[in-house]
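> Structure for the following, please:
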Amino acid sequence: MSGSTVPDPTEKKSDPGIGKAVFRDLRNADLFGTLEREFRELYRFYLDPETRDRLEKMGRIPRAFWLLGWLSKSLLLKLSPARRILLLLATVMSIMGWTHMTVMGYSISYDLRPWGCLLLLFILMLELKDKLLAKDEIQFARKVQLALMPERQPTIDCWSVWSTSVPANDVGGDLVDYIDLPSERLGIALGDVAGKGLGAALLSAKLQASLRAIGPESTSLDELGTRMNTILNQDGLDNRYATLFYAEVSPGSGHIRYLNAGHNPPFVVRGSDRVEDLPASSFPLGMLPIATYEEGVLDMEPGELLLIYSDGLSEATNSKGEEFSPQRIRNMMPELRNKTVPEAGEFLLSEVRQFLEKERPHDDLSIVLIRREN
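Reported below is the predicted structural model:
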């Protein structure tokens, strides 16, 4: 047929949609969003809040130079002395490039930049080795921490209890625990150790062990707070302390005894949708060698709900620098009252996830919900 051509099946054609497909895959993977989040985390890791505030007041060009110098200095200080020297040597080699030398009358030229790159790669391999070794230890610590956490939600007559704890890192400093007490009573604890990571997790384990040991035998929560404070002061670390909210509930009764040692004031939503808080009566445990603690009493009617939370909930911060805030939680309490306890807990987690969007949590988040059923 004139004017027509038969396509060659062996002819290779370029697919005009390949480039679009690649960019579509990148977009679906949200590569740029991930890089932006990683940059913000790097920025917060190397620069303290005071330094970040000072940078905000600078002009764009001075800020760029100052930031480059400060980050370089911070990076060097976080390396070991030997690796600092290697990094400086790799930098010098990369800058020098081609160099010339005379040996026995022969002029020799060679490029130092590949050697600088190899030296830099060697430093990165050393840092990666340290990180992988530390990660193995942290993963084991995570398994131990999970083994110490309650395996299931408790059951007690007239009460519904639900809890969760989400660490910001592999291990966290929040404590959520249930303690069986005489007369079928139940002890419910939510503690928050200052800081996060492995150090906070170790102190949290100590707090849990101490609470399990002396909680059942304490005659009053005043005594419990004093003894816990003494233990953490004797064996604790400088600038390491823990807040604690501890409650005891009894089957067939709406009566709750509680101790608030420097913890965020929990919220109670009453039958008329009135919201109350339970403020702290003393300092956090381990902060002062001598401190007195006061037992509180709470009577709840059927349907009323108590929310205990760590500051990982109230201080959850999105990319705009806005906090979830206690006031936001307080405003949500009447809505939580109309849900089952598990539904209320999942609703809170969903709300904070939506608030954070793609921002990674910077602190451990723990929640305990207690409802009087009848």
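
> What backbone torsions are found at Thr340?
The phi and psi torsions at Thr340 (degrees, to the nearest 10) take the values phi -70, psi 160.

> need the contact list for the closest residue in space to it that isn't next to it in sequence.
In space, and not counting its chain neighbours, Thr340 is closest to Ser160: 7.4 Å by C-beta to C-beta, 6 or more residues apart in numbering. Where C-beta positions appear, they are placed from N, C-alpha and C, glycine not excepted. Under the criterion of C-beta atoms under 8 Å, 6 or more residues apart in numbering, the neighbours of Ser160 are 340-341, 369-371, 373.

> and the helix or strand containing Ser160, which strands flank it?
When elements are defined using DSSP states H and E, Ser160 is found to belong to strand 159-166. Strand 159-166 has its sheet partners listed here by DSSP bridges as strand 155-156 (antiparallel), strand 365-372 (antiparallel).

> out of those, deepest packed?
Ranked by mean neighbour count under mean count of other C-beta atoms under 10 Å, those are led by strand 365-372, which reaches a mean of 24.

> Would you mind extracting the C-alpha trace of that strand into PDB?
In PDB, the C-alpha atoms belonging to strand 365-372 read as follows (Å, rounded to 0.1, in the frame of the first residue of the first chain):
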ATOM      1  CA  LEU A 365       3.600   9.800  73.900                       C
ATOM      2  CA  SER A 366       1.500   7.900  76.500                       C
ATOM      3  CA  ILE A 367      -2.200   7.900  77.300                       C
ATOM      4  CA  VAL A 368      -4.300   6.200  80.000                       C
ATOM      5  CA  LEU A 369      -8.100   6.500  80.000                       C
ATOM      6  CA  ILE A 370     -10.200   5.400  83.000                       C
ATOM      7  CA  ARG A 371     -14.000   5.400  82.900                       C
ATOM      8  CA  ARG A 372     -16.500   4.500  85.600                       C
END
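
> starting at the chain centroid, how far to it?
Centroid displacement of strand 365-372 relative to its chain, using C-alpha atoms, centre = their mean, to the nearest Å, is 19 Å.

> Can you give me every residue that contacts Trp66?
55, 58.

> Look up how far Ala141 lies from it.
Between Trp66 and Ala141 the computed distance is 38 Å (C-beta to C-beta, to the nearest Å).

> and the residue nearest in space to the middle of the chain, which of the three is it?
For the chain, Ala168 is the residue whose C-alpha lies nearest the centre (C-alpha atoms, centre = their mean; 2.1 Å). Assigned with DSSP: H, G, I helix; E, B strand; the rest coil, Ala168 falls in the coil class.

> Please tell me I have it right and it contacts Ser366.
No. The pair Ala168 and Ser366 does not pass the contact test of C-beta atoms under 8 Å, sitting 11.0 Å apart.

> so what sits against both of these two?
Gly312.

> Only alpha carbons, please: show stretch 231-250 as PDB.
Coordinates of each C-alpha in stretch 231-250 appear next as PDB, following Å, rounded to 0.1, in the frame of the first residue of the first chain:
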ATOM      1  CA  ILE A 231      15.000   6.000  96.000                       C
ATOM      2  CA  LEU A 232      15.400   8.200  92.900                       C
ATOM      3  CA  ASN A 233      17.500  10.700  94.700                       C
ATOM      4  CA  GLN A 234      19.900   8.100  96.200                       C
ATOM      5  CA  ASP A 235      20.400   6.200  93.000                       C
ATOM      6  CA  GLY A 236      19.500   8.800  90.300                       C
ATOM      7  CA  LEU A 237      21.600  10.900  88.000                       C
ATOM      8  CA  ASP A 238      22.000  14.700  87.900                       C
ATOM      9  CA  ASN A 239      19.300  16.500  86.100                       C
ATOM     10  CA  ARG A 240      17.300  13.300  85.700                       C
ATOM     11  CA  TYR A 241      13.900  13.100  87.400                       C
ATOM     12  CA  ALA A 242      10.500  11.700  86.700                       C
ATOM     13  CA  THR A 243       6.900  12.900  87.000                       C
ATOM     14  CA  LEU A 244       4.400  10.400  88.100                       C
ATOM     15  CA  PHE A 245       0.600  10.100  88.200                       C
ATOM     16  CA  TYR A 246      -0.500   7.100  90.200                       C
ATOM     17  CA  ALA A 247      -4.100   6.100  90.900                       C
ATOM     18  CA  GLU A 248      -5.700   3.200  92.800                       C
ATOM     19  CA  VAL A 249      -9.200   2.100  91.900                       C
ATOM     20  CA  SER A 250     -11.400  -0.400  93.700                       C
END
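
> for it, which positions count as buried?
231-233, 236, 240-250 (16 or more other C-beta atoms under 10 Å).

> Just flag the most distant two among the residues you listed.
Pairwise distances across the buried residues of stretch 231-250 (C-beta to C-beta) peak at 33.6 Å, for the pair Arg240 and Ser250.

> Please, where are all the strands along the chain?
98-103, 106-111, 155-156, 159-166, 174-180, 186-193, 242-249, 255-261, 267-269, 275-277, 296-299, 305-309, 365-372 (DSSP state E).

> In TSV: these, plus distance to Glu41.
Shown next, in TSV, are those (distance: least, C-beta to C-beta, whole Å):
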stretch	distance to Glu41
strand 98-103	38
strand 106-111	36
strand 155-156	41
strand 159-166	17
strand 174-180	20
strand 186-193	22
strand 242-249	26
strand 255-261	32
strand 267-269	31
strand 275-277	33
strand 296-299	39
strand 305-309	24
strand 365-372	17
